[in-house]
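Asks: Next come a sequence and a model predicted from it.
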Amino acid sequence: MGFRPYVHGLASRFGLTGFVLNRTGEVVIEAEGPVASLEAFVAEIGRHPPPLARIDEVRCEARAVVGDRSFRIEPSEAGAEGDVVLPPDVATCDDCLRELFDPADRRYRYPFLNCTHCGPRLTIIRGAPYDRERTVMAGFALCAACRAEYDDPADRRFHAQPIACPACGPRLSLLDARGEAAPGDPIAVAAAWLARGDVLAVKGLGGYHLACDATNEAAVAGLRARKHRDAKPFALMVGSVAEAAGWCEMADDERAALESAARPIVLLRWLRERGAGARAAIAPSVAPGDTATLGLMLAYTPLHHLLLRDLRSRAGGWGGALVMTSGNGADEPIAFEDRDALERLRGIADGFLTHDRAIETRCDDSVVRFAAGPVLLRRSRGYAPLPLRLPVQVSMPTLAVGGDLKGAFAVASAARAVVSHHLGDLAHYAAYRAFERAIAHYERVYGVTPERIVHDLHPDYASTRYAVDRARGGRLELLAVQHHHAHMASCMAEHGLTGRALGVCFDGAGLGVDGTLWGGEFLLGDYAAVSRVAHLRPVRMPGGDAASREPWRMAVSHLVAAGLDPGLSPVATRVGANAVGAARAMIERGFNAPFTSSIGRLFDAVASLAGVCDRMSFEGQAAMRLESLAAACRDGGYEFAFSPEDGSIDAGPLIRAVAEDAVRGVGVDIIARRFHTAVVDMVAAACRRVRERTGVDVVVLSGGVFSNAILAREAAARLRDEGFRAYRHAALPPNDGGLALGQMAIAAVTPREGTVVVPCA
């Protein structure tokens, strides 16, 4: 991350001689000079490292003077022992932006300029240490001017590995829908196509985006239809925070995230009535329905900046916004190889803005929201693969394969775990193949040959099958970890917690040790073992997996469990008496209707009872709509009933109250708010009961339900107000994207040839 050039400059400033080099996972510095200068040099490294560097540890030792006459950067020591650290991709810095738009600069309008402080990293790296010959840039020989900058310690591009210019670097091209080259300046013509309403596939850092004018309803609706994406909101890209403020409110932390080097998509409150300077409004099809937020990101590559600048010039100086959604069809992983993109995106894109710099690692955009602190929804470009420190060292090289949805794995040796970038839904074959390739890449680059693979308890997860297949016939040890124990351990490990804690683990589903689907769990214990001290009382899921896509089924189940007749509810009026009757028969006979204690499925039931969502076109749609409605008002909550006999928490009183409110015509926003308040009240009450019995006051909140900003913020605040030490995720997603770290932490305390680590029922 620009550390060696920084050290070189610092040594020159203090009049020191010696050298600096990269060793796998380390920077090695040998410096000699007056003692006072050496001490000041070391202190300055710790106080003011370069902006993109993260120092985990500094070790110093005295050595005999050797009489060096200069300070130099020596070649990296590839293959040496140590913890590899690969840097994430970094947004274009301000210095490079000034050059990009300076007609006098030799890199004027060059879409691949970068320096030591910015540019591609993870997505171009083929090996470690991070040097040009181990990146996709190895095929671009430096011209004399770039070589001089690369070799000059006083230059901003000193040892900048992706350095390039128009004379020696990658080149841009624009292709029409048939894949044939279009005449003219690729960026200017691409901007003209976007301005007339076309959809373009744009090759970015980690894959292709599909782009169109976000203020053109016909263009956005057309993209939605071609992509077969009925309702899930699109992400937008703008050129500056000022332009983002034309449509959204933002707090200081949200603004800082937008402008950070990671450049994630940030969920912001959408001011639907506002257009940028009253010139235009975001097209309704960007986020259909009553969505309260927009996902915005700032341009993070020179190409993005150029495209937006040219689009702006065509709109008379108005800023504009582009839909910038992943380049794929419904449920597919993002396209990143040129030939695959041309094949898969033909019929969706009207043209392709592409280039000849290969992408080594496919990488989606990261997504974050803020709720009294960051909530990462997807950890990928800009964040991955920075390592996390484990509270306990693993005793052998280990691979943790995570879950099935929001796939992410982790590799570790010793005390550091590297959690991969987001890989998507592994049930999709292309995503699973990407998962396999990414594991092989990380193992090769990080030098980890696993002796143990940790996986989820669920035998039908694609990640579990991968682990079992890989271990078959080999000497790899397998370790199965219960899903919610891994969630809890993930949050504990992220905060370096040891000792006992109470894990509040709420999600859609994870296999429990009793064979039912858990998802509303209170687990007490540590990394080694936990017990299930409370949980939502299980109900049936009529239709099995279909119930996770059709909330009306869970409404029927919860109505039956609450002693109500679903045939008399508005749900039956909307979806039909026959469908409700069939679901009820499944529940009564126990046919294709497994038990679940899931809070996520309770969200679905309430959404359907309130008339908000009966069928979903994407995962989490019902819960997102409930949250959006609840954010608009404040109200008291419904009630759960607690059973001291078995620790179960009965949602029956809540369901009866929701059903009654819905029939009485109470506003859906009030119902949604009362439900959210009830869940927060329930969390606090359950934690108080456990503390009274055990004295444990450390609580960790994990699982996909805590992606909900209201619950994440209010549950943590309530617990802290009541004297608990409450922790939420900040560096990892609370959803299944964080599972692998928890699996790894559990593996660290499990002896070799250990048994399956699961909570007791």
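Replies: Here it is on my side, so go on. Numbers count the residues shown, from 1 in each chain.
Asks: pLDDT below threshold where in the chain?
Replies: 1-2, 24-25, 78-83, 273-279, 316-319, 330-331, 753-761 (pLDDT under 70).
Asks: so where's the longest strand in it?
Replies: The residue-count maximum for a strand in the chain (DSSP state E) belongs to strand 388-400.
Asks: Now the helix or strand just after it: buried residues?
Replies: Going down the chain from strand 388-400, the next helix or strand is strand 410-419, by DSSP states H and E. Residues 410-413, 415-419 are the ones in strand 410-419 that count as buried (16 or more other CB atoms under 10 Å). Quick note: C-beta positions are derived from backbone N, CA and C, even for glycine.
Asks: What is the nearest of these to Glu149?
Replies: Val418 (31.5 Å; CB to CB).
Asks: ok, what's across the strand from that closest one?
Replies: As for beta bridges, Val418 partners with Val411 under DSSP bridges.
Asks: Does it touch Pro387 like I think?
Replies: Yes: the pair formed by Val418 and Pro387 meets the contact definition of CB atoms under 8 Å, at 4.9 Å.
Asks: Between the two ends of stretch 164-184, how far is it?
Replies: Stretch 164-184 has an end-to-end distance of 22 Å (criterion: CA to CA, to the nearest Å).
Asks: pretty sure Val28 belongs to a strand, no?
Replies: Yes: with DSSP: H, G, I helix; E, B strand; the rest coil as the criterion, Val28 is part of a strand.
Asks: ok, it to Gly424 distance?
Replies: Separation of Val28 from Gly424 (CB to CB, to the nearest Å): 38 Å.
Asks: and if you look at Ser240?
Replies: Here the criterion is CB to CB. By it, Ser240 lies 30 Å from Gly424.
Asks: More neighbours: these two, which one.
Replies: Applying other CB atoms under 10 Å to Ser240 and Gly424 shows that Gly424 carries more neighbours, namely 25 against 15.
Asks: Which strands and helices lie in contact with the helix ranked longest in the chain?
Replies: When the chain is parsed with DSSP state H, its longest helix is helix 668-694. Other helices and strands packing on helix 668-694, by 3 or more CB pairs under 8 Å, 6 or more residues apart in numbering; DSSP states H and E, are strand 501-511, strand 517-525, strand 530-536, helix 599-609, helix 621-630, strand 641-642, helix 652-664, helix 709-721.
Asks: circling back: buried sites along the longest strand of the chain?
Replies: By neighbour count on 16+ other CB under 10 Å, the buried set for strand 388-400 is 388, 390-392, 394-395, 397-400.
Asks: since we're on the nearest residue to Leu399 once chain neighbours are set aside, how many residues are nearby?
Replies: Spatially, and ignoring its direct neighbours in sequence, Leu399 is nearest to Pro450 (4.0 Å; CB to CB, 6 or more residues apart in numbering). Neighbour count of Pro450, defined by other CB under 10 Å: 22.
Asks: what's the answer for Ser380, then?
Replies: Residues near Ser380, counting by other CB under 10 Å: 29.
Asks: go on, His48?
Replies: Neighbour count of His48, defined by other CB under 10 Å: 11.
Asks: Quick check: the gap between the closest residue to Pro333 other than its chain neighbours and Leu267.
Replies: Counting by CB to CB, 6+ apart, Ala431 is the residue found nearest to Pro333 once chain neighbours are left out, at 4.6 Å. With the distance defined as CB to CB, Ala431 ends up 23 Å from Leu267.
Asks: More neighbours: these two, which one.
Replies: Using other CB under 10 Å, the more surrounded residue of Ala431 and Leu267 is Leu267, with 24 against 21.
Asks: ok, back up a step: so what secondary structure elements neighbour the next helix or strand after the longest helix of the chain?
Replies: Following helix 668-694 in sequence order, the next helix or strand is strand 698-702 (DSSP H and E). When contacts are defined as 3+ CB pairs under 8 Å, 6+ apart, strand 698-702 packs onto helix 483-494, strand 501-511, helix 709-721, strand 725-727.
Asks: again, only using 6 Å
Replies: In terms of contacts (3 or more CB pairs under 6 Å, 6 or more residues apart in numbering; DSSP states H and E), strand 698-702 is packed against helix 483-494, strand 501-511, strand 725-727.
Asks: and these as a markdown table, adding distance to His355 and mean neighbour count?
Replies: Putting those into a markdown table (distance: least, CB to CB, whole Å; neighbours: other CB atoms under 10 Å) gives the following:
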| stretch | distance to His355 | mean neighbour count |
| --- | --- | --- |
| helix 483-494 | 37 | 30 |
| strand 501-511 | 39 | 27 |
| strand 725-727 | 43 | 19 |
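Asks: re earlier: tell me which of the helices and strands packed on helix 668-694 is the most buried.
Replies: helix 599-609 (a mean of 29; mean count of other CB atoms under 10 Å).
Asks: rewinding a little: which residues are contacting the longest strand of the chain?
Replies: Contacts of strand 388-400 with the rest of the structure, by CB atoms under 6 Å, 6 or more residues apart in numbering, involve 410-417, 448-454, 493, 496, 498, 740, 743-745, 747-749.
Asks: pretty sure Leu210 contacts Gly327?
Replies: Yes: contact criterion CB atoms under 6 Å: Leu210 and Gly327 qualify, at 5.2 Å.
Asks: Now the common contact residues for these two.
Replies: Taking CB under 6 Å, 6+ apart as the contact rule, Leu210 and Gly327 both touch Ala201.
Asks: Helix or strand for the nearest residue in space to Gly382 that is not next to it in sequence, just tell me which one.
Replies: Sequence neighbours aside, Ala262 is the residue nearest to Gly382 in space, at 2.9 Å (criterion: CB to CB, 6+ apart). For Ala262, there is no host helix or strand (DSSP H and E).
Asks: Look up phi and psi at Ala262.
Replies: When read as degrees, to the nearest 10, the backbone of Ala262 gives phi -70, psi -30.
Asks: What is the burial count for it?
Replies: Around Ala262 there are 23 other residues, counting by other CB under 10 Å.
Asks: what about it, distance to Pro88?
Replies: Taken as CB to CB, the span from Ala262 to Pro88 is 7 Å.
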